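Visitor: fold the following.
(one chain, ligands or ions: 1)
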Amino acid sequence: MASEFELIRRFFDRPVQGGARTLLGVGDDAALLRVDPGMALVVSTDMLLVDRHFSRDAPPRALGHKALAVNLSDLAAMGATPRWATLSIALPAADEAWLTEFAEGLFALARRFEVDLVGGDTTRGPLAISVTVLGEVPEAYALLRGGARPGDDIWVSGMVGAAGAALAASQNRARLEPQTASIARGRLEMPEPRVALGERLRGLASAAIDVSDGFAADLGHVLERSEVGAVVHYESLPRLRTGDAELDARCALAGGDDYELVFTAGQEARGALEALACELALPLTRIGAIQARPVRLVLLDAGGLEMAAPAGYDHFADAS
Ligand SMILES: [Mg+2]
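Guide: I've put the predicted structure just below:
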């Protein structure tokens, strides 16, 4: 296997884009970064393990994209502007073709958001990828989970359920039409972090979260932190339609991996949010309202009857 130094230099040492912000990137003992005055540093990290979070034969380009995308999504949910990332990767062997594709997927996304890769680590071992992202947000404008208030509207970007449907199809738990399957697979493998939306929600949204565990579980985190309840109209939830309504509900409510933003905002923000949806060419859909306690998500079907909320994906549910 090529030396660690050699691997980093060949695949992950790229010219910095952040200009004056990145004083020093890869190549010294540590990176040196400049945060703008008045800005809070926002940090998020995520780990992807082979056979657990992705399959052994997953396309490396998509993997490079996704490893960064899921972290950028967390920054988006905080209203932060991404600036830097570090990458730690364990590899069973230095497969050059694999590394080339992986790095291309990662850097294509990093370039789009002007994120500099400023450090990391490589080691030999079962394939595992950990990315840490760092971003900035004006201190008073970070979007937290705890800010939802009774009377606020609940909104969701894009649509949910596609990634869950793709996963179900790949495990032969669902059968999708070819066109639907292709849309769903794209959403699972190449999720789009809603960075621009997150930045624009500063001062508009009262709380936000990204959909990683599943819509119901993630909205549940907002309710817990904000100590409020919610009523959501399932029919208004924008979701992938596969022709199997039961599958659609399971994927939309508990599928996870969608990386859309769920956020709350006062009713006075409706006009601004509708205009923002047009400007970003990203659907923003109002799906319900925050209520006073108890902390509980009430899902209503088209007839106004309460539906059972499925449990979200639990990372430890099937761990032995
Ligand atoms: Mg998150």
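Visitor: and for the residue in the stretch 1-150 of the chain positioned nearest to the ion, the neighbour number?
Guide: Nearest residue of the stretch 1-150 of the chain to the ion, counting by C-beta to the ion: Asp74, 4.4 Å away. Yep, even glycine has a C-beta here, placed from its N, CA and C like the rest. Using other C-beta atoms under 10 Å, Asp74 has 23 neighbouring residues.
Visitor: what's near enough to touch the nearest residue to it once chain neighbours are set aside?
Guide: Distance criterion C-beta to C-beta, 6 or more residues apart in numbering; nearest residue to Asp74, sequence neighbours excluded, is Ser44 at 3.9 Å. Counting by C-beta atoms under 8 Å, 6 or more residues apart in numbering, Ser44 makes contact with 71, 74-75, 78, 132-133.
Visitor: taking those residues, tell me the two that lie furthest apart.
Guide: Met78 and Thr132 (14.2 Å; C-beta to C-beta).
Visitor: picking that back up, which SSE is the residue of the stretch 1-150 of the chain closest to the ion in?
Guide: Using DSSP states H and E, the element containing Asp74 is helix 60-77.
Visitor: after that helix, which helix or strand is next?
Guide: strand 81-91.
Visitor: tell me what the one residue in the stretch 201-320 of the chain that gets nearest to the ion is bridged to.
Guide: When distances are taken as C-beta to the ion, the stretch 201-320 of the chain reaches nearest to the ion at Asp210, 4.3 Å away. Going by DSSP bridges, Asp210 is paired in beta bridges with Leu261.
Visitor: any idea how far it is from Leu197?
Guide: Distance, Asp210 to Leu197, using C-beta to C-beta, to the nearest Å: 10 Å.
Visitor: shared neighbours of the two, which are they?
Guide: The contact sets of Asp210 and Leu197 overlap at 76, 261 (C-beta under 8 Å, 6+ apart).
Visitor: coming back round to it: any chance of the contacts of Ser44 in CSV, plus pLDDT and distance to Ala302?
Guide: Output for these, formatted as CSV (pLDDT from 0 to 100; distance: C-beta to C-beta, whole Å):
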residue, pLDDT, distance to Ala302
Asn71, 97, 37
Asp74, 98, 33
Leu75, 98, 36
Met78, 98, 34
Thr132, 98, 43
Val133, 98, 40
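Visitor: ok, now which ones touch the nearest residue to Val232 once chain neighbours are set aside?
Guide: Leaving aside its chain neighbours, Val232 sits nearest to Gly288 (3.7 Å; criterion: C-beta to C-beta, 6+ apart). By C-beta under 8 Å, 6+ apart, Gly288 lies in contact with 153-154, 230-233, 236.
Visitor: can you pull the contacts of the residue of the stretch 201-320 of the chain closest to the ion?
Guide: Contacts of Asp210 by C-beta under 8 Å, 6+ apart are 73-74, 76-77, 193-194, 218, 259-262.
Visitor: same question, Arg239
Guide: Arg239 touches 159-161, 248, 251-252, counting by C-beta under 8 Å, 6+ apart.
Visitor: the same query, at a cut-off of 7 Å, please.
Guide: 159-161, 248, 252 (C-beta atoms under 7 Å, 6 or more residues apart in numbering).
Visitor: quick one: strands adjacent to the helix or strand in which the residue nearest to Val232 is found?
Guide: Under the criterion of DSSP H and E, Gly288 resides in strand 284-291. Paired with strand 284-291 in the same sheet, following DSSP bridges, are strand 153-157 (antiparallel), strand 229-233 (antiparallel).
Visitor: quick one: buried residues of stretch 193-212?
Guide: By 16 or more other C-beta atoms under 10 Å, the buried positions in stretch 193-212 come out as 193-195, 197-202, 204-212.
Visitor: give me the subset of those residues lying in strands.
Guide: Secondary structure from DSSP state E places 205-210 of the buried residues of stretch 193-212 in strands.
Visitor: low-scoring stretches of the stretch 1-150 of the chain, by residue?
Guide: 1-2, 4-5, 18 (pLDDT under 70).
Visitor: mind checking how far Val211 is from Glu268?
Guide: In terms of C-beta to C-beta, Val211 sits 25 Å off from Glu268.
Visitor: picking up where we left off before, quick check: which element contains the residue nearest to Asp74?
Guide: Assigned by DSSP H and E, Ser44 falls in strand 39-49.
Visitor: got the angle for the host helix or strand of Arg185 vs helix 60-77?
Guide: For Arg185, the host element (DSSP H and E) is helix 178-189. For helix 178-189 against helix 60-77, the angle by axes from the mean of the first three to the mean of the last three C-alpha atoms, to 10 degrees is 70 degrees.
Visitor: which one of Met78 and Thr132 is surrounded by more residues?
Guide: Comparing Met78 with Thr132 by other C-beta under 10 Å, the one with more neighbours is Met78, at 24 against 18.
Visitor: near Asp153, how many other residues are there?
Guide: Residues within reach of Asp153, counting by other C-beta under 10 Å, total 21.
Visitor: with Ala31 instead?
Guide: Applying other C-beta under 10 Å, I find that Ala31 has 20 neighbouring residues.
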